[in-house]
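A.B. asks: Mind looking at a prediction? Sequence and model below.
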Amino acid sequence: MKNKVYIFDTTLRDGEQVPGCQLNTVEKIEIAKALEELGVDIIEAGFPISSPGDFNSVIEISKAVKEPVICALTRAVKGDIDAAAESLKYAKRKRIHTGIGASDIHIKYKFKSNREDILKRAVEAVKYSKKFVEDVEFYAEDAGRADLEYLAKMVESVITAGATVVNIPDTTGYNLPSTFGEKIKFLMNNVKNIDKAIISIHCHNDLGLATANSISGIQNGARQVEVTVNGIGERAGNTSLEEVVMILKTHKLGLDTNINTKKIFSTSRLVSNLMRMPIQPNKAIVGRNAFAHSSGIHQDGVLKERENYEIIDPKDVGIQASSIILTARSGRAALYHHLKRLGYKLSEKELAKVYKKFLELADKKKDINDSDLHILIGEKLDTKGIQLELLEVVCGTPIKPMATVKLKVHDKEYLVAANGNGPVDAAFKAVDKIVKKKLDLEEFLVQAITEGSDDIGKVHLQVKYKNGMYYGFGADTDIVVASVKAYIDVLNKVI
Ligand code: KIV
Ligand code: ZN
């Protein structure tokens with residue numbers, strides 16, 4: 001299918017190379033299953049020769065996942081290829097991804113070799129891989145900085161040797177969209193047997209151009225794109241899956257992917273949580289603020305017609321609705337929207353009066369929540385919401401973490417204790433025992449304001465409750481207290 005772009009996901013290989021983001025086999029299987037549901041065509045499951053853990057993960061992912069092709073990475077080395085073939089033995093559909101450096105920099109400094117020798121090794125690696133599997137992908141590492149004539153010769157030789165896919169990586173993220181696109185075009189036009197293989201692109205984000213370069217590669221003939229969820233990966237990361245997929249969908253370039261876009265958001269959160277890698281709030285498509293509107297003009301525009309300020313319907317990526325955040329910059333339309341949601345119907349005159357009070361409050365308080373709105377309306381609330389009166393945690397090793405929490409709810413005090421797998425978990429469980437609301441934690445983001453260990457920690461939470469998405473924020477020098485404050489902030493919005 002000429003108009004299909006194959007999505008090759010390398011979250012579990014290149015993505016997992018991020019320092020501090022290593023996953024165990026169970027976590028990798030969970031992500032692999034989510035990728036299968038998302039609809040990726042190929043899962044790069046690991047680099048089997050690199051460690052027994054990676055080898056084992058490829059075996060277990062091969063058993064757990066049936067639909068996508070399972071791919072294992074190797075260098076152009078027989079031992080690597082043997083290990084990859086062995087690790088793929090349970091895969092229903094399998095691919096070996098072998099390759100070698102193609103730029104003169106790699107040839108000279110990494111391999112201390114010459115172009116002829118490297119070409120020979122490339123061809124041998126493909127031929128050797130073919131003994132084990134039919135589907136062999138070859139990567140010309142650092143192709144982004146390679147001599148174009150030499151790269152074309154390498155591509156032609158590996159296709160002759162049996163490569164079914166040829167990967168042209170911009171390993172160092174050096175290219176511009178125009179130059180990368182030109183390279184792909186040159187290969188498409190100058191490699192005689194190019195129609196016998198699929199050209200793949202694999203771009204890194206060192207200059208923030210990974211997505212742009214990938215799209216340019218696709219527009220010039222590549223039909224496989226190598227991506228990671230949330231764009232995680234070595235250094236500045238890889239091309240982000242969600243960006244490429246939504247660009248192709250939004251721009252209707254006549255190219256399709258197999259991705260069920262409604263699963264993008266949940267997959268993104270799963271990867272972020274399991275890899276303990278927070279997503280920057282303004283990250284395209286999946287960041288917390290990607291569909292949040294805060295300025296008055298934009299809020300008014302979105303409330304009149306979503307398309308005024310949104311090019312993607314948040315529901316298309318699995319986010320229930322765009323959010324209208326109440327801040328000092330919000331206009332009357334946003335305030336009216338939230339008051340209506342809470343059941344208040346105000347005349348123009350009443351709204352003008354409340355809006356004046358709202359602006360005064362918003363100048364003092366960053367985020368205006370529902371209880372603030374009730375108070376603004378002048379309603380006598382029978383509740384002051386939930387307030388944290390006391391928090392005490394016992395944690396460490398080898399003891400089981402325990403939290404004691406005292407809350408004031410509707411002016412009544414409750415004191416409970418609970419265990420958990422950590423101090424935050426124990427404290428949340430204690431709060432749950434009192435409040436008895438079933439919240440699904442979708443995002444838990446901890447940030448230090450500066451780098452010192454005595455600094456204030458900020459916690460952002462995103463929870464799902466009865467089809468609604470709620471956000472909570474807490475700050476404290478004690479990160480457990482900040483977390484509980486954020487949790488209570490959410491609960492106050494929910495009730
Ligand atoms: O960036 C790169 O060149 C790679 C290859 C191993 C495909 O990750
Ligand atoms: Zn890479």
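C.D. replies: That came in fine, so what should we check first? Residues are numbered from 1 along each chain as shown. Ligands and ions are numbered 1, 2, ... in the order given.
A.B. asks: Can you classify the residue nearest the centre of the chain by secondary structure?
C.D. replies: Centroid check for the chain by Cα atoms, centre = their mean gives residue 230 as the closest residue, at 2.4 Å. Put simply, residue 230 is helix when judged by DSSP: H, G, I helix; E, B strand; the rest coil.
A.B. asks: That one contacts residue 280, correct?
C.D. replies: No: contact criterion Cβ atoms under 8 Å: residue 230 and residue 280 do not qualify, at 9.3 Å. Bear in mind the C-beta positions are built from the backbone N, C-alpha and C, glycine included.
A.B. asks: Now do the SS call for the closest residue to ligand 1 within the stretch 1-150 of the chain.
C.D. replies: Nearest to ligand 1 in the stretch 1-150 of the chain, going by Cβ to the nearest ligand atom, is residue 139, at a distance of 4.0 Å. Counting by three-state DSSP, the backbone at residue 139 sits in strand.
A.B. asks: give me every residue that touches it.
C.D. replies: 97-99, 166-167, 169, 202 (Cβ atoms under 8 Å, 6 or more residues apart in numbering).
A.B. asks: Give the closest residue to it in space, chain neighbours not counted.
C.D. replies: In space, and not counting its chain neighbours, residue 139 is closest to residue 99: 3.2 Å by Cβ to Cβ, 6 or more residues apart in numbering.
A.B. asks: now do residue 184
C.D. replies: residue 220 is the one closest to residue 184 (Cβ to Cβ, 6+ apart), at 4.1 Å.
A.B. asks: Same question for residue 486.
C.D. replies: Spatial nearest neighbour of residue 486, chain neighbours left out: residue 474 (3.4 Å); criterion: Cβ to Cβ, 6+ apart.
A.B. asks: Can you verify that neighbour is assigned to a helix?
C.D. replies: No: using three-state DSSP, the secondary structure at residue 474 is strand, not a helix.
A.B. asks: partners of it in the sheet?
C.D. replies: residue 459 (DSSP bridges).
A.B. asks: Need the per-residue pLDDT for the closest residue to residue 110 other than its chain neighbours.
C.D. replies: In space, and not counting its chain neighbours, residue 110 is closest to residue 101: 5.4 Å by Cβ to Cβ, 6+ apart. Residue 101 carries a pLDDT score of 98 in this model.
A.B. asks: Residue 101 touches residue 142, doesn't it?
C.D. replies: Yes: the pair residue 101 and residue 142 passes the contact test of Cβ under 8 Å, sitting 5.5 Å apart.
A.B. asks: more crowded one of these two?
C.D. replies: More crowded of residue 101 and residue 142, by other Cβ atoms under 10 Å: residue 101, with 26 against 22.
A.B. asks: Around ligand 1, pick out the residues from the chain.
C.D. replies: 14, 139, 141, 167, 169, 171, 202, 204 (Cβ under 6 Å from any ligand atom).
A.B. asks: Quick one: those as a markdown table, columns for pLDDT too.
C.D. replies: Output for those, formatted as a markdown table (pLDDT from 0 to 100):
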| residue | pLDDT |
| --- | --- |
| 14 | 96 |
| 139 | 98 |
| 141 | 98 |
| 167 | 98 |
| 169 | 98 |
| 171 | 98 |
| 202 | 98 |
| 204 | 98 |
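A.B. asks: re earlier: so who does the residue nearest to residue 486 touch?
C.D. replies: 458-459, 481-489.
A.B. asks: Would you mind giving both backbone torsions of residue 94?
C.D. replies: phi -130, psi 150 (degrees, to the nearest 10).
A.B. asks: what bridges to it?
C.D. replies: Counting by DSSP bridges, residue 94 is bridged to residue 70.
A.B. asks: before we move on, back to that, please name whichever of the contacts of residue 474 scores lowest on pLDDT.
C.D. replies: Minimum pLDDT across the contacts of residue 474 is recorded for residue 458, with 79.
A.B. asks: Do a quick rundown of the helices in the stretch 51-200 of the chain.
C.D. replies: Under the criterion DSSP state H, counting those that start in this stretch, the stretch 51-200 of the chain contains helices at 52-64, 78-87, 104-105, 115-130, 148-161, 177-190.
A.B. asks: so what secondary structure elements neighbour the fifth one?
C.D. replies: The reference is to helix 148-161. Contacts defined by 3 or more Cβ pairs under 8 Å, 6 or more residues apart in numbering; DSSP states H and E place helix 148-161 against helix 115-130, strand 136-141, strand 165-170, helix 177-190.
A.B. asks: Relative to residue 295, which of these is closest?
C.D. replies: Set against residue 295 and scored by Cβ to Cβ, these come closest in helix 177-190, at 30.2 Å.
A.B. asks: mind checking how far that closest one is from the chain centre?
C.D. replies: 29 Å (Cα atoms, centre = their mean, to the nearest Å).
A.B. asks: Return the distance of residue 325 relative to ligand 1.
C.D. replies: Distance from residue 325 to ligand 1, counting by Cβ to the nearest ligand atom, to the nearest Å: 38 Å.
A.B. asks: One more: residue 473?
C.D. replies: According to Cβ to the nearest ligand atom, residue 473 stands 37 Å off from ligand 1.
A.B. asks: returning to what we had before: residues near the residue nearest to residue 184, how many?
C.D. replies: The burial count for residue 220: 19, using other Cβ under 10 Å.
A.B. asks: Just to check, it is in contact with residue 188?
C.D. replies: Yes: checked against Cβ under 8 Å, the pair residue 220 and residue 188 is within contact range at 6.7 Å.
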